[in-house]
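> okay, predicted coordinates and the sequence, questions at the end:
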Amino acid sequence: MTQMSYIKRIIKFYTDGFSQMTVGKTLWVVILLKLFIMFAILKVFFFPDFLGQKCADDTQKSQYMQSILSGEKP
């Protein structure tokens, strides 16, 4: 078998499986909603742009990170 036929078989397997789901579709909606909340909403509140506050441009950011990684005090 060629690699293309493997890919087609895998795609057919998943499309057939998802089309026959009943409860699974609801679970996938819940999973995707939770992922959206974790990565989109929580990032804004709990993970601020630390380097953006400390440095003005990319060269300053790289120098800041190099000083931290080398053990120097920034």
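Yep, it's here.

> list of residues touching the longest helix seen in the chain?
What stands out as the longest helix in the chain, according to DSSP state H, is helix 3-19. Helix 3-19 has contacts (CB atoms under 8 Å, 6 or more residues apart in numbering) with 24-25. Placement of C-beta: from N, CA and C, glycine included.

> please identify the helix or strand for residue 64.
Using DSSP states H and E, residue 64 sits in helix 58-69.

> how far is that helix from where the chain is centred?
Distance, stretch centre to chain centre, for helix 58-69: 24 Å (CA atoms, centre = their mean, to the nearest Å).

> and what of stretch 7-16?
Relative to its parent chain, stretch 7-16 has a centroid offset of 24 Å by CA atoms, centre = their mean.

> tell me the helices and strands packed up against the helix holding residue 64.
helix 50-54 (3 or more CB pairs under 8 Å, 6 or more residues apart in numbering; DSSP states H and E).

> hey, C-alpha coordinates of the helix it packs on in PDB?
What follows is helix 50-54, C-alpha atoms only, in PDB (Å, rounded to 0.1, in the frame of the first residue of the first chain):
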ATOM      1  CA  PHE A  50       6.700  40.100  31.200                       C
ATOM      2  CA  LEU A  51       9.400  40.800  28.600                       C
ATOM      3  CA  GLY A  52       7.200  43.400  26.900                       C
ATOM      4  CA  GLN A  53       7.100  45.300  30.200                       C
ATOM      5  CA  LYS A  54      10.900  45.100  30.800                       C
END
